[in-house]
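Visitor: need coordinates for the below:
(one chain, ligands or ions: 1)
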Amino acid sequence: MTIDFDGRVAIVTGAGTGLGRSHALGLAARGARVVVNDLGVSTDGQGQSSEAAGSVVEEIRASGGVAMAHGADVSDEAGVADMVARAMEAWGRIDILVNNAGILRDKTFAKMTLDDFRKVVDVHLMGSATCCHAVWPIMRAQKYGRIVLTASGSGLYGNFGQSNYGAAKAAMVGLMNVLHIEGARDDIRVNTLAPTAATRMTENLLPPEALDLLAPETITPGLLYLVSDDAPSRVILGAGAGSFAQTRIYETEGVTLLDGDNTPEAVAAAFDRITDPHGQQELGDAFTQTRKYARKAAEARGLTLPWGD
Ligand code: NAI
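Guide: Numbers count the residues shown, from 1 in each chain. Sure thing, here's the model as predicted:
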């Protein structure tokens, strides 16, 4: 099966450098018309320049592809609306949105200002929500859409000094879960990429030998699959240095403590069984959890609930 994007229109945010640039080049090389979005800021979100986005557009055009640059700040509703309007004017549809733009403002939580916390949440979470919100009605009307959110190991697993970034990146999973459910009937598939790559964001964190292995181009094939016609949906795909792996969220079977047995001491005594991974499951939505708990309580009391399992 060959994956191509002929006839497709893609927006890649933060595509002037690093991972976004690699994704934009990869999409264009396989036929997509690409909006190369970038505000042209430093790693901590300062400054502004149209240079980086422009040079990626030049690169795409030089190899026969089709692209336009747009300098919207992803967290600015009016700028994002303008970007989407220009793509629609030029190409009439938007099939793919890759939310990739991002910044860092690392500090221990003790030293972090709430302004730095808010700014990182604004770019990653509000930026992704703003771009998704702008393309959502278009994708619904087309009955086709592919969206990727960019998370991070920091959000999924934690990383010292990144409470703002980790919180914003974990939020991608929450946004994905709900957009996956709401988008399903219109064939809008939503996935999360958790990359680890050698870019200006990480250049001082890893030895050169490791950076050589972690080129952004090793990750882009996973991104291209996640936005393809046959993409899965609600997958968290870890990617780096040619490795691809899935992160999943499971709930253990758990323990039901009723009436007089429902005490903090009983929770403590049952903690090994509560956390026992045997029989753990992925739950399809929040009400699956609610139904599970109500069913277990009803069973323990010999009651039957009006819904099936
Ligand atoms: P990068 O710093 O090389 O590229 C980020 C791009 O986003 C820059 O070109 C910047 O100008 C742009 N940008 C920042 N704020 C923007 C805004 N408000 N509006 C529009 N554009 C904006 O970073 P890199 O490493 O390529 O990161 C790309 C994404 O991958 C980010 O979301 C990052 O958090 C995520 N990520 C990267 C990892 C890595 O190992 N490099 C690890 C995990 C996640």
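Visitor: mind listing the helices for the stretch 1-150 of the chain?
Guide: With helices called from DSSP state H, counting those that start in this stretch, the stretch 1-150 of the chain shows them at 18-29, 51-62, 77-91, 114-121, 127-142.
Visitor: and the residue nearest to Asp82 when sequence neighbours are not counted, what does it touch?
Guide: Distances taken as CB to CB, 6 or more residues apart in numbering place Ala72 nearest to Asp82, at 6.5 Å, with adjacent residues excluded. The way it works is simple: take the backbone N, C-alpha and C, and place the C-beta from them, glycine included. With contact set as CB atoms under 8 Å, 6 or more residues apart in numbering, Ala72 has these partners: 37, 39, 79-80, 82-83.
Visitor: give me the buried subset of those.
Guide: Applying a neighbour-count criterion of 16 or more other CB atoms under 10 Å, the buried members of the contacts of Ala72 are 37, 39, 79-80, 83.
Visitor: could those residues go into TSV alongside pLDDT and distance to Gly45?
Guide: Formatted as TSV, the entries for the buried ones among the contacts of Ala72 read as follows, by pLDDT from 0 to 100; distance: CB to CB, whole Å:
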residue	pLDDT	distance to Gly45
Asn37	98	15
Leu39	98	8
Gly79	98	15
Val80	98	16
Met83	98	18
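Visitor: in CSV: those residues, plus distance to Gly242.
Guide: Shown next, in CSV, are those (distance: CB to CB, whole Å):
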residue, distance to Gly242
Asn37, 27
Leu39, 30
Gly79, 35
Val80, 33
Met83, 32
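Visitor: for the ligand, tell me which of the residues you listed show up nearby.
Guide: Filtering those for proximity to the ligand (criterion: CB under 6 Å from any ligand atom) leaves 37, 39.
Visitor: between the buried ones among the contacts of Ala72, which sits nearest Asp106?
Guide: If you rank these by distance to Asp106 using CB to CB, Leu39 comes first, at 19.6 Å.
Visitor: how about the closest one, what does it touch?
Guide: Applying CB under 8 Å, 6+ apart, the residues near Leu39 are 14, 48, 71-74, 101.
Visitor: which of these count as buried?
Guide: Once neighbours are counted (16+ other CB under 10 Å), the buried part of the contacts of Leu39 comes down to 14, 71-74, 101.
Visitor: domains in the protein, by residue range?
Guide: 9-247, 259-300 (automatic domain parsing).
Visitor: residues of this protein that sit close to the ligand?
Guide: By the rule CB under 6 Å from any ligand atom, the part of the chain lying against the ligand is 13-14, 16-20, 37-41, 43, 45, 52, 73-75, 100-103, 123, 127, 150, 152, 195-197, 199-202.
Visitor: in strands only, show me the residues you listed.
Guide: Taking DSSP state E, the ones among the residues of the chain next to the ligand that sit in strands are 37, 150, 195.
Visitor: quick check: closest non-adjacent residue to the residue in the stretch 201-309 of the chain that the ligand sits nearest to.
Guide: With CB to the nearest ligand atom as the measure, the residue in the stretch 201-309 of the chain that lies nearest the ligand is Met201; the distance is 3.7 Å. Spatial nearest neighbour of Met201, chain neighbours left out: Thr43 (5.7 Å); criterion: CB to CB, 6+ apart.
Visitor: how close does Tyr144 sit to the ligand?
Guide: As for Tyr144, its distance to the ligand is 25 Å (criterion: CB to the nearest ligand atom, to the nearest Å).
Visitor: for that residue, what are its contacts?
Guide: Under the contact definition (CB under 8 Å, 6+ apart), the residues listed for Tyr144 are 95, 186-188.
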